[in-house]
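[1] Sharing a model prediction with you, sequence too.
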Amino acid sequence: MTEAKGRILLSVTGFNPLRWHELLSAERQVVLDPGGPEDPSIHYAVVWKHRPGVLSRLPNLKAVFSIGAGVDHIFADPELPDVPIVRVVADNLTQYMTEYVTWRVLDHHRLGMLYRDQQRRVIWHAPLQPAAGDVTVGIMGLGQLGRAAARALLALGFQVAGWTRSARPMDGVDCYSGEDGLASFLARTDILVVLLPHTPATEGIIDYALLRALRRDNAIGGACLVNAGRGKLQKEADILRALDDGTLKEASLDVFETEPLPPESQLWTHPRVFVTPHAAADSDPVHLVPTMLAQMSRFERGEPLQHVVDREAGY
Ligand code: NDP
Ligand code: OXD
């Protein structure tokens, strides 16, 4: 029975895809990269940072499924065939990201870095406690992940602002969009949370000038940055400069220009930087594979794919 169904190419670098292979194989034959060249029986590809060129050799490829919410790793392939690209939108991934964002925002807001340093140095000192309502968290990217994070932060009592490409209203959130809205958005932001995709339009957007535009004279004693979007959004030399001259108070970084973060990076040892290894929100195959398989079956029955990427926008 399974022979009749389109086969899947599973092409992954950077981690062991064994679990993905096992779960996808429950319904369809799975070919591990490198598969046979020009294999007409492969109709779908499930990929994370696949080897460039591998997809263009599949004559009957019908859709590419990203293992992540971000699809910049797919657009990095200069020979990408013109088939729909489906990205991850999943409750458990959104929940993970909401947890990461609230964790990092609360840590900056509740002076976690100061208290860890004081404990190390055996200092008993409690500065004035800032109120959440006096702090504005500005979220760049109010998509699936940004909106969920915004809801959680609103529930905690923070002021929340958001910045998007197109105008996108959200209850309780002061929304800004496009280049025209960026300066006003930044001027009122105390903790900047970045949940943008990496596209040609967003590459390098977190630079010194942008950090300089954040509100520094605020209830938490300076501007803070949380980036869980993509490393290529940020200029790390500018972040270090901003930390060292007082433009930026603290940073929580989950993503980096080069991953893994090279051992010689000063970000590893900077006392006001919190590093996590691109671990804000993992793609869990137990949750995601059934959805991918269901999408393939629906597609074969003539139904439209969901969460298809806008190729022109790049996300
Ligand atoms: P969505 O596509 O749902 O949302 C993207 C948001 O970014 C939208 O609000 C969009 O604006 C906005 N945006 C895109 N381009 C621009 C631009 N040029 N200017 C202003 N706003 C822009 O994505 P998700 O929320 O699902 O995911 C966001 C990103 O998070 C992913 O692309 C990925 O890079 C990252 N991620 C990181 C993970 C981690 O573990 N660190 C895990 C999962 C995702 P508009 O609403 O107008 O379209
Ligand atoms: C993603 C990621 O894009 O894990 O989902 O970074």
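    Looks like it came in fine. Residues are numbered from 1 along each chain as shown. Ligands and ions are numbered 1, 2, ... in the order given.
[2] Tyr176: which element?
    strand 173-177 (DSSP states H and E).
[3] Now do that strand: which elements does it pack against?
    strand 159-164, helix 178-187 (3 or more Cβ pairs under 8 Å, 6 or more residues apart in numbering; DSSP states H and E). Just so you know, the C-beta spots here come from the backbone N, C-alpha and C atoms, and that holds for glycine as well.
[4] try 6 Å
    If you count contacts as 3 or more Cβ pairs under 6 Å, 6 or more residues apart in numbering; DSSP states H and E, strand 173-177 packs onto strand 159-164.
[5] Sheet partners, orientation included, of the strand it packs on?
    strand 136-140 (parallel), strand 173-177 (parallel) (DSSP bridges).
[6] starting at the chain centroid, how far to the first one?
    In other words, strand 136-140. 15 Å (Cα atoms, centre = their mean, to the nearest Å).
[7] quick one: low-confidence parts of this protein?
    1-4, 34-37 (pLDDT under 70).
[8] contact partners of stretch 238-246?
    Asp207, Tyr208, Leu211, Leu248, Ala251, Gln266, Arg272 (Cβ atoms under 6 Å, 6 or more residues apart in numbering).
[9] Confirm for me that the first one is in contact with Lys235.
    Yes: with the criterion set as Cβ atoms under 6 Å, Asp207 and Lys235 qualify as a contacting pair; they are 4.7 Å apart.
[10] Compare those two (neighbour count), which wins?
    Set Asp207 next to Lys235 and count neighbours by other Cβ atoms under 10 Å: Lys235 wins out with 20 against 16.
[11] residue contacts, that one?
    Contacts of Lys235 (Cβ under 6 Å, 6+ apart): Gly204, Asp207.
[12] Recalculate using a threshold of 8 Å.
    Gly204, Ile206, Asp207, Tyr208, Glu257 (Cβ atoms under 8 Å, 6 or more residues apart in numbering).
[13] Just give the closest residue to the last one, not the sequence neighbours.
    Spatial nearest neighbour of Glu257, chain neighbours left out: Gly231 (4.7 Å); criterion: Cβ to Cβ, 6 or more residues apart in numbering.
[14] Can you give me the buried ones in stretch 187-197?
    Within stretch 187-197, the residues that count as buried by 16 or more other Cβ atoms under 10 Å are Thr189, Asp190, Ile191, Leu192, Val193, Val194, Leu195, Leu196, Pro197.
[15] one step back: name the nearest of the contacts of Lys235 relative to Thr13.
    Taking Cβ to Cβ as the measure, Glu257 is the one of the contacts of Lys235 closest to Thr13, at 17.9 Å.
[16] From ligand 1, how far out is the closest one?
    14 Å (Cβ to the nearest ligand atom, to the nearest Å).
[17] cool, Ile239 as well?
    16 Å.
[18] in which helix or strand would I find that residue?
    helix 236-244.
[19] Now do the same contact list for Thr102.
    Neighbour list for Thr102: Ala149, Ala152, Leu153, Leu156 [criterion: Cβ under 8 Å, 6+ apart].
[20] Cross these against helices and list the overlap.
    Judged by DSSP state H, helices contain the following of the contacts of Thr102: Ala149, Ala152, Leu153.
[21] want to throw the residues you listed into JSON lines with neighbour count?
    Shown next, in JSON lines, are the ones in helices among the contacts of Thr102 (neighbours: other Cβ atoms under 10 Å):
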{"residue": "Ala149", "neighbour count": "28"}
{"residue": "Ala152", "neighbour count": "17"}
{"residue": "Leu153", "neighbour count": "27"}
